[in-house]
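Participant: With the input below, show me the fold.
(one chain, ligands or ions: 2)
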Amino acid sequence: MSLTLVIKIGTSSLTDPETGNLALSTLALLVEVLSQLRHQGHRVILVSSGAIGVGCSRLGLKKRPRDIALKQAIAAVGQGRLMRIYDDLFTTLDQAIAQVLLTRRDLESRVSYVNAYDAFQELLDLGVIPIVNENDTVATDELRRKFGDNDTLAALVASLVEADWLFLLTDVDKLYSADPHLVPDAQPIAHVHNLEELTEVEAGEASTWGTGGMSTKIAAARIATNAGVRMVIMQGRYPNQIPRILDGDEIGTQFHPAPRTLNARKRWIANGLVPSGTVVLDPGAVKAICDRGKSLLAVGISEVIGQFQVSEAVTLCDLEGKEVARGIVNYGSDELDLIKGYRSDDIPDLLGYEGSDTVVHRDDLVLM
Ligand SMILES: Nc1ncnc2c1ncn2[C@@H]1O[C@H](COP(=O)(O)OP(=O)(O)O)[C@@H](O)[C@H]1O
Ligand SMILES: N[C@@H](CCC(=O)OP(=O)(O)O)C(=O)O
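Facilitator: Residues are numbered from 1 along each chain as shown. Ligands and ions are numbered 1, 2, ... in the order given. Prediction:
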């Protein structure tokens, strides 16, 4: 059976932590394994970090700089080097590759989201391995249009292409109950069936989870498993374990996916769009949308947080602040403030025009 596989490798596995030099044997093994998987008929996408790390090493910088413009310049140096090395290694095995650089903004617009989907499908149909990274040189935190980390980017790509598996290759062999570099008796976690179990562990180990690199991997698991993608956290030094995992070996931490129920447009609403604000719902409204599949009406809204325009995405949360759904609004935040708590029949009088009956129509709403 042909599977769609997304493999993400982090800087910690691609480079030697002491020298900053490329971990060539890891890279060569990764290239060999991915080429073999391709030849077995699988569709393979590699999400590779390393542009900034390789750029620093190329320019002889001993420390990762903090300055954003400098980091963006360094990424431009490193990305070219990185692709040159990948191309040399993959070409040795006669495997074609492609460079795909994405920003968060590219997935926000429905048109470019669909374009990205089409481009990936063409590349995979051609037997090419796309190598994806964030377009660090143009994406900036200030504009809120960065993925921020490649774990999230990899999960969004896996959701976009409806992957079967997402492998996150890192410098630890599993997810543990706490950072194993700091807590020697941390317990390994082999399977995660429900991310809520982890929220408890996470809450108990907040500082460890927060400072380590695992919080972004758990956030990635939320996106991936919600989109029906099985995710694995595993040791980056041993990419040859990937085929064994596909054969059923219990290696790394496996996150079991939810049934794939969302159509492509709803996956875009859930993962492609970035919420611009929050709408707080009363318990009746939470029940109506979560248990009965209803649209959101103004009467069930308790509070409107943030500024947003009509047709933007918002987070819908309960009175405790827990996100229960996401959706595209039929009213901007200023109008919603005027009509919140009122029945739909009252809207024309309140706003002075005939508005939509629903604040978020059920076709534009995704439960989280
Ligand atoms: N609960 C945990 N389980 C495993 N690793 C953890 C945990 N909490 C923090 N970490 C740290 O996360 C690091 C891996 O994340 P990161 O450095 O971001 O890797 P990458 O570059 O592969 O994305 C590990 O080296 C480990 O020290
Ligand atoms: N886009 C950046 C990597 C960002 C990132 O998430 O890095 P990592 O935590 O090593 O996977 C780069 O190529 O340097």
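Participant: domain ranges for the chain?
Facilitator: 4-260, 265-367 (the TED database).
Participant: Columns mean pLDDT on top of the ones you listed, output as a markdown table?
Facilitator: Formatted as a markdown table, the domains of the chain follow (pLDDT from 0 to 100):
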| stretch | mean pLDDT |
| --- | --- |
| domain 4-260 | 88 |
| domain 265-367 | 94 |
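Participant: okay, those domains in CSV with mean neighbour count and distance to ligand 2 next?
Facilitator: C-beta: built from backbone N, CA, C; applies to glycine. Putting the domains of the chain into CSV (neighbours: other Cβ atoms under 10 Å; distance: least, Cβ to the nearest ligand atom, whole Å) gives the following:
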stretch, mean neighbour count, distance to ligand 2
domain 4-260, 18, 3
domain 265-367, 17, 17
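Participant: With distance to ligand 1 as extra columns, can I get these in TSV?
Facilitator: Shown next, in TSV, are the domains of the chain (distance: least, Cβ to the nearest ligand atom, whole Å):
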stretch	distance to ligand 1
domain 4-260	2
domain 265-367	19
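Participant: Please enumerate the strands of the stretch 1-150 of the chain.
Facilitator: Under the criterion DSSP state E, counting those that start in this stretch, the stretch 1-150 of the chain contains strands at 4-9, 43-48, 97-102, 129-134.
Participant: Could you dump the ones you listed into JSON lines with distance to E303 added?
Facilitator: Formatted as JSON lines, the strands of the stretch 1-150 of the chain follow (distance: least, Cβ to Cβ, whole Å):
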{"stretch": "strand 4-9", "distance to E303": "37"}
{"stretch": "strand 43-48", "distance to E303": "38"}
{"stretch": "strand 97-102", "distance to E303": "34"}
{"stretch": "strand 129-134", "distance to E303": "34"}
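Participant: wait, which of these is closest to I328?
Facilitator: Closest of those to I328 is strand 97-102, at 21.8 Å (criterion: Cβ to Cβ).
Participant: What's the end-to-end length of stretch 271-281?
Facilitator: With Cα to Cα, to the nearest Å as the measure, stretch 271-281 spans 21 Å from end to end.
Participant: Tell me how far that stretch lies from the chain's centre.
Facilitator: Relative to the chain's own centre, stretch 271-281 is displaced by 16 Å; criterion: Cα atoms, centre = their mean, to the nearest Å.
Participant: try stretch 352-361
Facilitator: For stretch 352-361, the distance to the chain centre is 32 Å (Cα atoms, centre = their mean).
Participant: what's the answer for stretch 159-174, then?
Facilitator: Relative to its parent chain, stretch 159-174 has a centroid offset of 10 Å by Cα atoms, centre = their mean.
Participant: Output it as PDB, nothing but the C-alphas.
Facilitator: Taking C-alpha atoms only, stretch 159-174 is exported to PDB below (Å, rounded to 0.1, in the frame of the first residue of the first chain):
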ATOM      1  CA  SER A 159      -2.700  17.900   7.500                       C
ATOM      2  CA  LEU A 160      -2.600  19.700   4.100                       C
ATOM      3  CA  VAL A 161      -1.500  16.600   2.100                       C
ATOM      4  CA  GLU A 162      -3.600  14.200   4.200                       C
ATOM      5  CA  ALA A 163      -0.500  12.200   5.300                       C
ATOM      6  CA  ASP A 164      -0.800   8.800   6.900                       C
ATOM      7  CA  TRP A 165       2.200   9.400   9.200                       C
ATOM      8  CA  LEU A 166       4.200  12.300  10.600                       C
ATOM      9  CA  PHE A 167       7.700  11.400  12.000                       C
ATOM     10  CA  LEU A 168       9.400  14.100  14.200                       C
ATOM     11  CA  LEU A 169      13.100  13.200  14.400                       C
ATOM     12  CA  THR A 170      14.800  14.800  17.300                       C
ATOM     13  CA  ASP A 171      17.700  14.200  19.800                       C
ATOM     14  CA  VAL A 172      15.700  12.100  22.300                       C
ATOM     15  CA  ASP A 173      14.300   8.700  21.600                       C
ATOM     16  CA  LYS A 174      10.800   9.400  23.100                       C
END
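Participant: and E250, what does it touch?
Facilitator: A190 (Cβ atoms under 8 Å, 6 or more residues apart in numbering).
Participant: again with the one 10 residues further on
Facilitator: The contact partners of R260, taken as Cβ under 8 Å, 6+ apart, are E162, A227, G228.
Participant: Including secondary structure, could the residues you listed go into JSON lines?
Facilitator: Below are these laid out as JSON lines (DSSP: H, G, I helix; E, B strand; the rest coil):
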{"residue": "E162", "secondary structure": "coil"}
{"residue": "A227", "secondary structure": "coil"}
{"residue": "G228", "secondary structure": "coil"}
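Participant: In three-state terms, how would the residue nearest in space to the middle of the chain be classified?
Facilitator: The residue lying closest to the centre of the chain (Cα atoms, centre = their mean) is T152, at 2.8 Å. Assigned by three-state DSSP, the conformation of T152 is helix.
Participant: Am I right that it is in contact with A220?
Facilitator: Yes. With contact defined as Cβ atoms under 8 Å, T152 counts as touching A220 (5.7 Å).
Participant: wait, which of the strands of the stretch 1-150 of the chain is closest to K294?
Facilitator: strand 4-9 (34.0 Å).
Participant: Can you tell me what sits against the closest one?
Facilitator: 30, 34, 37, 42-50, 124, 150-151, 153-154, 157-158, 161-169, 229, 236, 239, 242.
Participant: repeat that for 6 Å
Facilitator: 42-48, 150, 154, 157-158, 161, 163-169, 236 (Cβ atoms under 6 Å, 6 or more residues apart in numbering).
Participant: CA atoms of stretch 310-321 as CSV?
Facilitator: Taking C-alpha atoms only, stretch 310-321 is exported to CSV below (Å, rounded to 0.1, in the frame of the first residue of the first chain):
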residue,chain,number,x,y,z
VAL,A,310,-16.3,39.8,9.1
SER,A,311,-15.0,36.5,7.4
GLU,A,312,-12.0,36.2,9.7
ALA,A,313,-11.4,33.2,11.9
VAL,A,314,-12.0,33.2,15.6
THR,A,315,-11.6,30.8,18.5
LEU,A,316,-14.8,29.8,20.2
CYS,A,317,-14.2,29.0,23.9
ASP,A,318,-16.3,28.1,27.0
LEU,A,319,-16.6,30.2,30.1
GLU,A,320,-13.4,28.6,31.5
GLY,A,321,-11.4,29.7,28.4
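Participant: Nothing else from me, thank you.
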